[in-house]
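Enquirer: I would like the atomic coordinates for the input below:
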Amino acid sequence: MALRPEEVTAIIKKELEKYRTRLRVESIGTVLQVGDGIALVYGLDDVMMGELVQFPGDIMGIVLNLEEDKVGIVILGSEKNIREGDTVKRTGKISQVPVGEALLGRVVNPLGIPIDGKGPIATNRHRPVESPAPGIVQRQPVKEPLQTGIKAIDSMIPIGRGQRELIIADRQTGKTAIAIDTIINQKGKGVYCIYVAIGQKMSSVVTVNETLKKHGAMEYTIIVSASSRAAASLQFIAPYAGCAMAEEFMYSGKHVYVVYDDLSKHAQAYRQLSLLLRRPPGREAYPGDIFYLHSRLLERSAKLTDELGGGSLTAIPVIETQAGDLTSYIPTNLISITDGQIYLENDLFYSGVRPAINVGLSVSRVGGNAQTKAMKQVAGRLRIDLAQYRELAAFTQFGTELDKATQAQLTRGSHMVEILKQPQYSPLPMAKQVMIIYAGTNGHLDDLPLASVLKFESEFYDYMDRNHPDIEKNIEKKAILDDAIKARLDEVISEFKTGFKAAHKL
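Expert: Prediction:
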């Protein structure tokens, strides 16, 4: 059946009325130059600093330089398929990463993409990689201890929730070991942990992952890995990505502990990118904004007020020195940003004192605020006594004849050094630390041979667990040593020591 002309006209008019134009405006740019992980792009006049942009083949980049006639973009991934003249598109999004509890137990790259072969991460929550630090009004003082389980730290260099404590030392002196032991010690304490590996060998990251799994710590831990094989751009954003994941927990009223291992490699990655972006180098060829690079990261650590949920973000940056030089550019920057440092010494490490903490150069600017009263009571004079012992030990090398008081001080000091030694992956509960330090500082171990001190310690813990578990429970519960507990401890330690000496014929 043929349609009449007026019917055709009516249909066309109807369709024309329904037609709506859909204009889509895209801001695009053109690649002028590409190489070494950097692209210089013409156009993109309205792009934002830190915005994600898209190259052909779904390769992303972050805008780092805004200049009059071009923008400098750091490529997140391989640049081998990007050519001069390629089109670059804005995404309108500031660089962000997935966050939330779905990431716990996973190993991800700095973009939040899983690299552990366990499939995709089911979360629809994201946070910007860079965000402002909480203001003074949003913070409260650091006053809750973050127990590391390491006797030398919890007694003399206490760390509080919301603090930033630097671990600084030469390579291969036990920096990562302290960070990993602290993660293991958070089991059952309601603290989430994030380990950010920057510029590490992939085999080292795998070892950390296996260690945490073995001790049941991966259940509450996220590993962010930008290995030495990763592009400098990924090493650059890795700590910010880890911090963003941590902030999600902190702003939800939870406690989180983050390790940046290590920021010297982070600074080197940023120096590489900056020099390629033609930013002028300054001291030691680092650009002028290298201080701001780390300060804007570490200032995001905080203990929030109760009105904001009372969450905390504790940061442990790690830095590597060259031949123990604390005065070089990056170490001095980080010492001035953080709330204290744990300095590990080569000579102590190689002489068997592990963790090899130099008591004189290590400090916590939060101090006793981050300690339980029980630990304060037993460890109050420990730092001074150890520092005096080191001085005396150095002096007596000249073969001077010593009076009885000096000999007693040397004996006490050497026994305390022995007590503070601790094997890796064996963090101790606070109450056990208090008991053994109490025994040492009150002279109960002075008459034992030095070689027997560590054996005494391990057998003492077993004895207390079997025969007097109530003492440990009381210390944990009260967090203070009252006269009754002290009297019980004196009695029980003397009783055990008598049996120990008889058993070992001392």
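
Enquirer: From Gly413, how far off is Ile168?
Expert: Distance, Ile168 to Gly413, using C-beta to C-beta, to the nearest Å: 24 Å. Where C-beta positions appear, they are placed from N, C-alpha and C, glycine not excepted.

Enquirer: Looking at the two, which is more packed in?
Expert: Using other C-beta atoms under 10 Å, the more surrounded residue of Ile168 and Gly413 is Ile168, with 26 against 19.

Enquirer: Who are the contact partners of the more buried one?
Expert: Going by C-beta atoms under 8 Å, 6 or more residues apart in numbering, Ile168 touches 175, 318-319, 321, 326, 331, 334-335, 341-344.

Enquirer: change it to 10 Å
Expert: Ile168 makes contact with 175, 262, 264, 317-321, 324, 326, 331, 334-335, 338, 341-344, 358, 361-362, according to C-beta atoms under 10 Å, 6 or more residues apart in numbering.

Enquirer: Looks to me like it is in a strand.
Expert: Yes. Under DSSP: H, G, I helix; E, B strand; the rest coil, Ile168 sits within a strand.

Enquirer: in the sheet, who's paired with it?
Expert: Ile319, Tyr343 (DSSP bridges).

Enquirer: Okay, the nearest residue to Ala370 once chain neighbours are set aside and Cys243: tell me how far apart.
Expert: Residue nearest to Ala370 in three dimensions, not counting chain neighbours: Gly160, with 3.0 Å by C-beta to C-beta, 6 or more residues apart in numbering. Going from Gly160 to Cys243 by C-beta to C-beta gives 18 Å.

Enquirer: Neighbour count: those two, which is higher?
Expert: Between Gly160 and Cys243, counted using other C-beta under 10 Å, the more crowded position is Cys243 (29 against 23).

Enquirer: Return the subset of the contacts of Ile168 lying in helices.
Expert: 175, 264, 331, 334-335 (DSSP state H).

Enquirer: ok, which pair from those residues is furthest apart?
Expert: Using C-beta to C-beta, these span at most 15.0 Å, a distance reached by Lys175 and Ile335.

Enquirer: For Ile73, which non-adjacent residue is closest in space?
Expert: Ile73's closest residue in space is Gly61 (C-beta to C-beta, 6+ apart), at 4.1 Å.

Enquirer: which residues in the stretch 101-250 of the chain form strands?
Expert: Secondary structure of the stretch 101-250 of the chain (DSSP state E, counting those that start in this stretch): strands at 107-108, 126-128, 166-169, 191-198, 221-226.

Enquirer: any chance of those strands in TSV, plus distance to Gln96 and mean pLDDT?
Expert: Output for the strands of the stretch 101-250 of the chain, formatted as TSV (distance: least, C-beta to C-beta, whole Å; pLDDT from 0 to 100):
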stretch	distance to Gln96	mean pLDDT
strand 107-108	13	97
strand 126-128	4	95
strand 166-169	28	97
strand 191-198	16	98
strand 221-226	14	98
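
Enquirer: Tell me which of those lies nearest to Val366.
Expert: So among the strands of the stretch 101-250 of the chain, strand 166-169 is nearest, using C-beta to C-beta, at 12.9 Å.

Enquirer: okay, and the helix or strand of the protein with the least pLDDT?
Expert: helix 5-18 (a mean of 78; mean pLDDT, DSSP states H and E).

Enquirer: Can you give the distance from it to the centre of its chain?
Expert: 69 Å (C-alpha atoms, centre = their mean, to the nearest Å).

Enquirer: Summarise which helices and strands the helix or strand just after it is packed against.
Expert: Later in the chain than helix 5-18, the nearest helix or strand by DSSP states H and E is strand 28-35. In terms of contacts (3 or more C-beta pairs under 10 Å, 6 or more residues apart in numbering; DSSP states H and E), strand 28-35 is packed against strand 38-43, strand 51-55, strand 71-76, strand 87-94.

Enquirer: again, only this time at 6 Å
Expert: strand 38-43, strand 87-94 (3 or more C-beta pairs under 6 Å, 6 or more residues apart in numbering; DSSP states H and E).

Enquirer: just to revisit the earlier point, quick one: the ones in helices among the contacts of Ile168 as TSV, columns for pLDDT too.
Expert: Formatted as TSV, the ones in helices among the contacts of Ile168 follow (pLDDT from 0 to 100):
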residue	pLDDT
Lys175	96
Ser264	96
Pro331	96
Leu334	97
Ile335	96
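
Enquirer: Going by distance to Val74, which of those wins?
Expert: Proximity of these to Val74 (C-beta to C-beta) peaks at Ser264, which lies at 19.7 Å.

Enquirer: Which residue lies closest in space to the closest one, excluding its sequence neighbours?
Expert: Glu320 is the one closest to Ser264 (C-beta to C-beta, 6+ apart), at 4.5 Å.

Enquirer: and the chain, what are its domains?
Expert: Per automatic domain parsing, the structural domains of the chain span 28-93, 98-370, 377-504.
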